[in-house]
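Asker: Next comes the sequence, and after it the predicted model I'd like to discuss.
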Amino acid sequence: MAKLTLPSDIKNSVKAALKEDIGSGDITASLIPKDAIAKATVITRETAILCGREWFNETMLQLSDEITISWQAQDGDLINENQPLCTIQGPARAILSAERVALNFLQLLSGIATEARRYADRVKGLNTVIRDTRKTIPGLRLAQKYAVRCGGCENHRIGLYDGVLIKENHILACGSITKAVEQIRTSHPKMPIEVEVEDLDELREALTAGADMLLLDNFDRATLQRAVILNKGQAKLEASGGVTFNEIRTLAESGIDYIAIGTLTKDVRAIDLSMRFSND
């Protein structure tokens, strides 16, 4: 897969995670002699898509720059049960103190990438793209969205600052879809505008107002197909709202451009990984 741009906040994310876990000091690690050197191997206990190497590396290296890490797999690779992923060597205390946080990042992000790959494969061969949402773990949005890309899906906007999505409450506050679109078009004339619509009447109004993209909220397949016909290619169409894995291919076949899947980053199951120390 193509090389992905890493988030800019890895160092800060790792620093916060280590502070949360170690606090004033790792009491149990004091059992280990200060000069002890250890070697360990990380393996996966299940098939998955690997993601999170740089978070793992940063966790280890923030505790000791004498740690060396040798990887046998890249982010985005398919990894199989019992496969060795990397070997670590260096000061035993530092490795033990970093172990849980390093694995937490690797397990979490690999879990997201694995689920994203499952969804991406579900619409393979069609023109519809699966995208994530802002339903992320606070403080880990950039990491989670990186993992989504590792799995083969795409990101929607990163936050409230880099995209326009006019939703139900915005429309109520402004008085109408038309007024909301007009206000954004005036204040941010170069910004693409996406509008959430709940029925075909709202779709018509949003198209007339000049929306660039429509978020079709809880449309069934028949209504999606009608929306595609009414749209006539004027705006990009995105399905959203409780979309399940089993139905996404059917929805994609209606001709929509995107499907928003909040579960990619919201309902996360971490991959089972293990770090084994050796006496070598």
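Answerer: Received, thanks. What you are looking at is a predicted structure, and each value in this text was computed from that prediction instead of being measured.

Asker: where does the stretch 1-150 of the chain dip in pLDDT?
Answerer: 1-2 (pLDDT under 70).

Asker: those helices in the stretch 51-200 of the chain, which residues are they?
Answerer: 53-63, 92-122, 141-150, 168-174, 177-187, 200-209 (DSSP state H, counting those that start in this stretch).

Asker: which of those helices sits most buried?
Answerer: Ranked by mean neighbour count, the helices of the stretch 51-200 of the chain are led by helix 141-150 with a mean of 24 (mean count of other Cβ atoms under 10 Å). In this view, the C-beta of every residue, glycine as well, is placed from N, C-alpha and C.

Asker: Which strands or helices does that one pack on?
Answerer: Helices and strands touching helix 141-150, as assessed by 3 or more Cβ pairs under 8 Å, 6 or more residues apart in numbering; DSSP states H and E, comprise helix 10-22, helix 92-122, helix 263-266.

Asker: what does the last one contact?
Answerer: When you say that, I think you mean helix 263-266. 112, 115-116, 119, 130, 132-133, 135-137, 144-145, 147-148, 151, 153 (Cβ atoms under 8 Å, 6 or more residues apart in numbering).

Asker: count of neighbours near the nearest residue to residue 104 once chain neighbours are set aside?
Answerer: Spatial nearest neighbour of residue 104, chain neighbours left out: residue 17 (7.1 Å); criterion: Cβ to Cβ, 6 or more residues apart in numbering. By the other Cβ atoms under 10 Å criterion, the neighbourhood of residue 17 contains 22 residues.

Asker: Contact partners for residue 17?
Answerer: Shown in contact with residue 17 (Cβ under 8 Å, 6+ apart): 59, 101, 104, 105.

Asker: The last one contacts residue 18, doesn't it?
Answerer: No: at 10.7 Å, residue 105 does not count as touching residue 18 under the criterion of Cβ atoms under 8 Å.

Asker: From the contacts of residue 17, pick the one nearest residue 91.
Answerer: Within those, proximity to residue 91 (Cβ to Cβ) peaks at residue 59, which comes in at 14.0 Å.

Asker: May I have the phi/psi pair for residue 72?
Answerer: phi -110, psi 0 (degrees, to the nearest 10).

Asker: With residue 272 as the reference, measure out to the residue nearest to it when sequence neighbours are not counted.
Answerer: Closest residue to residue 72 apart from its sequence neighbours, by Cβ to Cβ, 6+ apart: residue 84 at 5.7 Å. In this view, residue 84 and residue 272 are 15 Å apart by Cβ to Cβ, to the nearest Å.
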